[in-house]
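Asker: this one's sequence-less:
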């Protein structure tokens, strides 16, 4: 079976797939003939599905991607520009959660959306870890606070910058400054040497955040956790990630305790036009 299969009866010879292939592995030497894969295409193709997705005639299939695993797009189902803008502007980092765990199926739905975040060269390098056990979440938060104490002793400037002494005091007073009472913690991890992982992790977290907001759920980047995973051996040991893996994103998830009624103002960004 060929890498790319083109149905000559459906192909209109319009060259759209050739123009849009990010790796340039499709060619159309004769305008009256369907495109074909160039020599060595199987070693270059990143299986992104771009050619299949862009063809308006359904003329392409990929060896690595069955058509039944793809979803047809209806422009009528897509949100308007205003709806997208409103969703992005109104998203909030949630730091107060109901004491109500989410069903595992709902968490899986969020990750199912997040897996569509772009990754360099379509590497899709990320694996996921979801922690929902209350005792385990409390233990992880305690490890973070231990790290805060170490920073306060060893690097007073960093402790001052991050307000860690205040954070420790609030923790001791009974306020969860680490996970904010969220019932779930989701992390993405990948091999440390995977160059696409840092950007892929940030993008996956952004998708996860927006997917949660779209379902009326709450999310917040768990920065303290992510920092300690990569810098504090007790946290890495507690999470038991694969030995050669690093954490490239961590996010709290749950149901917001409160709703938000307005969109706060933001600074105008400095822009240089050239």
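Answerer: Arrived safely, thanks for sending. All values reported here derive from a predicted model rather than from experimental measurement.

Asker: going forward, measure contacts and count neighbours with C-alpha atoms only.
Answerer: OK.

Asker: phi, psi for residue 128 please.
Answerer: phi -120, psi 150 (degrees, to the nearest 10).

Asker: confidence score at the residue of the chain most remote from its centre?
Answerer: If you look at how far each residue of the chain sits from its centre, by Cα atoms, centre = their mean, the farthest one is residue 32, at 41.9 Å. We have a pLDDT of 93 for residue 32.

Asker: how about it, nearest residue that isn't a chain neighbour?
Answerer: residue 13 (6.3 Å; Cα to Cα, 6 or more residues apart in numbering).

Asker: also residue 185?
Answerer: residue 252 (4.7 Å).

Asker: so how many other residues sit close to the residue lying closest to residue 258 once chain neighbours are set aside?
Answerer: Nearest residue to residue 258 in three dimensions, chain neighbours excluded: residue 96, at 7.2 Å (Cα to Cα, 6+ apart). Counted by other Cα atoms under 10 Å, the residues lying close to residue 96 total 19.

Asker: with residue 23 instead?
Answerer: So residue 23, with other Cα under 10 Å, has 13 neighbours.

Asker: check contacts around it.
Answerer: Contacts for residue 23 (Cα atoms under 8 Å, 6 or more residues apart in numbering) come out as 44-46.

Asker: try 10 Å
Answerer: 41, 44-46, 48, 121 (Cα atoms under 10 Å, 6 or more residues apart in numbering).

Asker: PyMOL command to pick out the buried ones of those?
Answerer: Under the burial definition 16 or more other Cα atoms under 10 Å, those of the contacts of residue 23 that qualify are selected in PyMOL by:
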select buried, resi 41+45+48
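
Asker: need the max-distance pair from the contacts of residue 23.
Answerer: Using Cα to Cα, the two most remote members of the contacts of residue 23 are 41 and 121, lying 14.8 Å apart.

Asker: now the protein, which segments are flagged as low pLDDT?
Answerer: 1 (pLDDT under 70).

Asker: does the residue nearest to residue 32 count as helix, strand or coil?
Answerer: coil (DSSP: H, G, I helix; E, B strand; the rest coil).

Asker: the domain parsing of this structure - what is it?
Answerer: Listed by automatic domain parsing, the domain ranges of the chain are 4-69, 86-254.

Asker: between the two ends of the longest one, what distance do you get?
Answerer: Just to be clear, that refers to domain 86-254. End-to-end distance of domain 86-254 (Cα to Cα, to the nearest Å): 22 Å.
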